[in-house]
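Chemist: Would you be able to build a 3D model of this:
(chains A and B)
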2 protein chains.
Amino acid sequence: MSEERQEMASKQQINTELLMEALYSEKIDDFRAEFLELHPYDQAAFFGELKDEERAKVYNFLSPEEMADLFENLESDEEDFKDVLAQMNPNYAADMLSNMYADDAVDVLNELDKDQVVSYLTIMNEEAAQEIKDLLHYEEYTAGSIMTTEFIAISANQTVRSAMYILKKEAPQAETIYYIFVVDEDKRLAGVISLRDLIVSDDETMIGEVMNDRVVSVSVGEDQEEVARMMRDYNFLALPVVDFQNHLLGIITVDDIMDVMEEEASDDYSKLAGIADLDTIDRNPLTAAKKRLPWLIILLFLGMFTASLIGRFEDTLDKVAILAIFIPLIAGMAGNTGTQALAVAVRGIATGDLEKESKWNIILREAGTGLITGAVCGILITFVVYFWKGELFLGALVGISIFITLIIATLAGSLVPLLMHRLKIDPAVASGPFITTINDIISILIYFGIATAFMSYLTK
Amino acid sequence: MSEERQEMASKQQINTELLMEALYSEKIDDFRAEFLELHPYDQAAFFGELKDEERAKVYNFLSPEEMADLFENLESDEEDFKDVLAQMNPNYAADMLSNMYADDAVDVLNELDKDQVVSYLTIMNEEAAQEIKDLLHYEEYTAGSIMTTEFIAISANQTVRSAMYILKKEAPQAETIYYIFVVDEDKRLAGVISLRDLIVSDDETMIGEVMNDRVVSVSVGEDQEEVARMMRDYNFLALPVVDFQNHLLGIITVDDIMDVMEEEASDDYSKLAGIADLDTIDRNPLTAAKKRLPWLIILLFLGMFTASLIGRFEDTLDKVAILAIFIPLIAGMAGNTGTQALAVAVRGIATGDLEKESKWNIILREAGTGLITGAVCGILITFVVYFWKGELFLGALVGISIFITLIIATLAGSLVPLLMHRLKIDPAVASGPFITTINDIISILIYFGIATAFMSYLTK
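Modeler: Below is the predicted model:
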């Protein structure tokens, strides 16, 4: 998407009735008059609710170019692009893809089978097909995969006037006209100038004099999350993407970055909750269950393992059944502490704050935090059990278990994601339920271990 | 922050050595030459690492206006604005505040005591003080609290030429020059035109002819999360803020929205993990522990309640100690299912997807999902226990408990946030650990309830 259409603001109320009526009575002019006034996002929202036969009418009413605007706003998590394209005439679909911004077209093509992609690319406009091919081979989640090649590049040796001329000419195609990038004769990135600076500069000034040559760029293989962080920190509206020799390959615009931010936040969140892909709302319990079951089944077996661990202490349990009543408390505390530490570490890695710190600093701080929370909770529980059950020894046993458990759980919660980060695994994979279950197991071992060792005190 | 400085791209490497050397040897020109070339974000990063006496030197080297650029990029979670301002000469501080964008100045003043705010406002530039006063009384997290009043408004009855003239003149003050808002004689919002459209329009065209009059705006009391959603969906770079009579009060720019998105994501995430305020990385275990303890202590007492519940089944436990080994499994499964359902509901509310659905649809779907996951996990565990322990009845007991528990836990996990949303409470407050503990309790009641009822089969 570009700003070209960002200002095509719309009434927030879509006149669905009028549109449906025009659609069914084949009043093409009425339909177009109302529909094309809408912001493409609203067009896509309307289109998303239509049945297949109604969509077929829309294709007849709109040109491939108009459809391209709409399609750029269609959500990949709500539509199966494969099905939608299959319903179109292949030439219409190819024409539409040619008219989409290359980065958006790539998003669509990525959902198709390889042979379908090839067949569309062969019937597409050649120039557009080449741009798309160039983008298709960048790895997902990298700067290359979210950049667009439709940017405006000029030379430092031209005047502001000629730059303005180029800008007016290229405005309809370019994703943004608010940053103009300056390249040397080898297409290496040399500088940047904003439209803001351009319009206040004198017409005859050379671009080289007014451009900023300390331009921040990202490498094409950079993680998209890092790109988002830079965009946010520096308040850029667009960021140039370069290869290792500083050749300008494309640009990333802020609207795409907002989508990346949303995606990454949703991703971290879903992993903390132990659920695959939160992006879609499932209308159907079966698909919802499918997403939740993998983790639940893994946890079921981890839970069986925990059960077998407690089973080893059956003798202890047989003698002192009251021990069982504290199992959920201790396991729960361990799980929660671990999740807290995990969340802090995952966010710290995501925001880059943790990178600045030394490994030992982090370990020491987390150990300290575990020590404090462990001591507070341990002492508290000792007294509560003592006053409630009148058993100091049992209280102390639970208290000491909580104390040790919280230290270890805090360390585990933060070290596991840090370790994964060093091993270049997404730390958010160490999701909440996983850490929780690991800490369950550790806590139970500690609790029953201590209880068994001091059994004589408990049974007297 | 505005785009004015967004293009002031910087080398990403800050030459700290050169800057420190210039600072200590009082080489003001060297310092300024290097420092002012930096992007304000990098200036702020450098400033953030300085000691108090070094900062005092910086104040001498930079004008209040230059300091304002830096200050706009200082992170409120890493600096105590109160302390930093206190170190400045009050007139210098007031001058700096006058030169900051009003929305950023408000962020700073919001951290101070009321009497300090008043004293700064009295010595500040009068116009800037008035703008800030206007913004200060909007409630936190509303559109009003994040908007700025430094926008460009023109009339529909002027030509493109005269609009361009205004634009060039106001460019240095305005937060964005890429959208120009059109107001009628009563300052009511009438339309919008982008700089993109402006520069391709003929000089003598009237604004009324080229502007878009279907302009999307937000109400001043709108939730900032909703504003972020609109900005992302419509790919706007700025959004006008109006009162109930459609008077244009201010604008919200995309860079501020990126901060809102980050803040809201972090907020939801921290609540799922049961930890207050993840925004800051604590260098100190004591402050880290302080943030984590409140939830841990609440959970400790909830855990004691769970323990006392199990205590009521002490007889059952005494007779069949083996029951205890499945407690963590059942409680864990309940907790995890609940967290999954909670995460789905909270995200659904945040993205607005759930608003479109009827209450009963959601309840039915979640019940269905619980039924499926419950049946799969229940049957699985029955067989596993049967093959492992050779006890079909015990297996069935655990299986049935899991089945019922998962249905109830799924419903609880989704209904609690939905209910809170209807009651206008932030649904994310029903944080992960809270739902987990509630579900722990429910699951244990079910498990021991069934076990006690069928005790005779277990002990025979």
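
Chemist: A:Val260 versus A:Ile425, what's the distance?
Modeler: From A:Ile425 across to A:Val260, the span is 20 Å (C-beta to C-beta, to the nearest Å). All C-beta atoms are positioned from the backbone trio N, CA, C, and that covers glycine.

Chemist: Just to check, A:Glu34 is in contact with A:Glu21?
Modeler: No: A:Glu34 lies out of contact with A:Glu21 (C-beta atoms under 8 Å); the separation is 10.0 Å.

Chemist: care to break chain A down by domain?
Modeler: Domain assignment for chain A by automatic domain parsing gives A:3-138, A:153-253, A:285-458.

Chemist: does the second one come close to chain B?
Modeler: Think domain A:153-253. Yes: Domain A:153-253 is in contact with chain B by C-beta under 8 Å from any C-beta of the partner chain, via A:164, A:167-168, A:171, A:177-179, A:192-197, A:199-200, A:212, A:214-216, A:231-237.

Chemist: Now, of these, which are buried?
Modeler: The neighbour count (16 or more other C-beta atoms under 10 Å in any protein chain shown) marks A:164, A:167, A:171, A:177-179, A:192-197, A:199-200, A:212, A:215-216, A:231-237 as buried among those.

Chemist: Filter the residues you listed down to the ones in helices?
Modeler: Using DSSP state H, A:Met164, A:Leu167, A:Leu195, A:Arg196, A:Asp197, A:Ile199, A:Val200, A:Met231, A:Arg232, A:Asp233, A:Tyr234 are the members of these that sit in helices.

Chemist: which SS state does the closest residue to the last one other than its chain neighbours fall under?
Modeler: For A:Tyr234, the nearest residue in space outside its immediate sequence neighbours is B:Tyr41; the separation is 5.1 Å by C-beta to C-beta, 6 or more residues apart in numbering or on different chains. Per DSSP: H, G, I helix; E, B strand; the rest coil, the local secondary structure of B:Tyr41 is helix.

Chemist: which stretches of the stretch 101-250 of chain A form strands?
Modeler: Secondary structure of the stretch 101-250 of chain A by DSSP state E, counting those that start in this stretch: the strands cover A:153-154, A:179-183, A:189-194, A:218-219, A:238-242, A:248-253.

Chemist: Poorly predicted segments of the stretch 251-400 of chain A, please.
Modeler: Residues of the stretch 251-400 of chain A that meet the criterion pLDDT under 70 lie in A:276-283, A:353-354, A:356.

Chemist: and A:Ile252, what does it touch?
Modeler: Contacts for A:Ile252 (C-beta atoms under 8 Å, 6 or more residues apart in numbering or on different chains) come out as A:Ala143, A:Ile146, A:Met147, A:Thr148, A:Val218, A:Val227, A:Met231, A:Ala238, A:Leu239, A:Val241.

Chemist: Same question for A:Ile441.
Modeler: Per C-beta under 8 Å, 6+ apart, neighbours of A:Ile441: A:Leu302, A:Phe305, A:Thr306, A:Leu309.

Chemist: how near is it to A:Phe454?
Modeler: Relative to A:Phe454, and taking C-beta to C-beta, A:Ile441 is found at 21 Å.

Chemist: repeat for A:Gly390
Modeler: As judged by C-beta to C-beta, A:Gly390 and A:Phe454 stand 18 Å apart.

Chemist: More neighbours: which of the two?
Modeler: For A:Gly390 versus A:Phe454, neighbours defined as other C-beta atoms under 10 Å in any protein chain shown are more numerous around A:Phe454 (14 against 9).

Chemist: State the distance from the more buried one to chain B.
Modeler: From A:Phe454 across to chain B, the span is 19 Å (C-beta to the nearest C-beta, to the nearest Å).

Chemist: I'd guessed that residue sits against A:Leu394; true?
Modeler: No: counting by C-beta under 8 Å, A:Phe454 sits too far from A:Leu394 to count as a contact (10.3 Å).

Chemist: Excluding covalently adjacent residues, which one is nearest to A:Gly370?
Modeler: Distances taken as C-beta to C-beta, 6+ apart place A:Thr410 nearest to A:Gly370, at 3.3 Å, with adjacent residues excluded.

Chemist: Quick one: classify the one you found as helix, strand or coil.
Modeler: For A:Thr410, the secondary structure call by three-state DSSP comes out as helix.

Chemist: For it, give me its contacts.
Modeler: A:Thr410 makes contact with A:Thr337, A:Gly338, A:Gln340, A:Ala341, A:Glu366, A:Ala367, A:Thr369, A:Gly370, A:Thr373, A:Gly374 under the criterion C-beta under 8 Å, 6+ apart.

Chemist: How about A:Met304?
Modeler: When contacts are counted by C-beta under 8 Å, 6+ apart, A:Met304 touches B:Leu329, B:Ile381, B:Val384, B:Trp388.

Chemist: Just name the closest of the residues you listed to chain A, please.
Modeler: Checking these against chain A with C-beta to the nearest C-beta, the nearest one is B:Leu329 at 3.4 Å.

Chemist: which one is that closest one nearest to, not counting chain neighbours?
Modeler: Spatial nearest neighbour of B:Leu329, excluding adjacent residues (C-beta to C-beta, 6+ apart): A:Gly303 at 3.4 Å.

Chemist: With A:Asp318 instead?
Modeler: Nearest to A:Asp318 is B:Ala321, by C-beta to C-beta, 6+ apart, at 4.7 Å.

Chemist: ditto for A:Asp69
Modeler: Counting by C-beta to C-beta, 6+ apart, the residue nearest A:Asp69 is A:Pro40, at 4.4 Å.

Chemist: neighbours around the one you found, how many?
Modeler: As a burial measure, A:Pro40 scores 24 neighbours (other C-beta under 10 Å).

Chemist: can you check A:Ile363 too?
Modeler: Neighbour count for A:Ile363, taken as other C-beta under 10 Å: 14.

Chemist: ok, now A:Gly221?
Modeler: Residues near A:Gly221, counting by other C-beta under 10 Å, number 14.

Chemist: got a list of what it touches?
Modeler: Counting by C-beta under 8 Å, 6+ apart, A:Gly221 makes contact with A:Glu139, A:Thr142, A:Ala143, A:Gly144.

Chemist: So the residue nearest to the spatial centre of chain A: helix, strand or coil?
Modeler: What sits nearest the mean C-alpha location of chain A, by C-alpha atoms, centre = their mean, is A:Glu264, with 1.8 Å. Of the three states, A:Glu264 takes helix under three-state DSSP.

Chemist: my guess is it contacts A:Glu225, does it?
Modeler: Yes: with contacts defined as C-beta under 8 Å, A:Glu264 counts as touching A:Glu225 at a distance of 5.2 Å.

Chemist: Identify the contacts common to these two.
Modeler: A:Ala350.

Chemist: For A:Ile425 and A:Val260, work out which one has more neighbours and name it.
Modeler: A:Val260 (18 against 12).

Chemist: Which helix or which strand is home to that one?
Modeler: Taking DSSP states H and E as the definition, one finds A:Val260 inside helix A:254-273.

Chemist: before we move on, what about A:Leu50?
Modeler: Using DSSP H and E, A:Leu50 is not contained in any helix or strand.

Chemist: With adjacent residues omitted, what lies nearest to A:Leu109?
Modeler: A:Val117 (4.9 Å).
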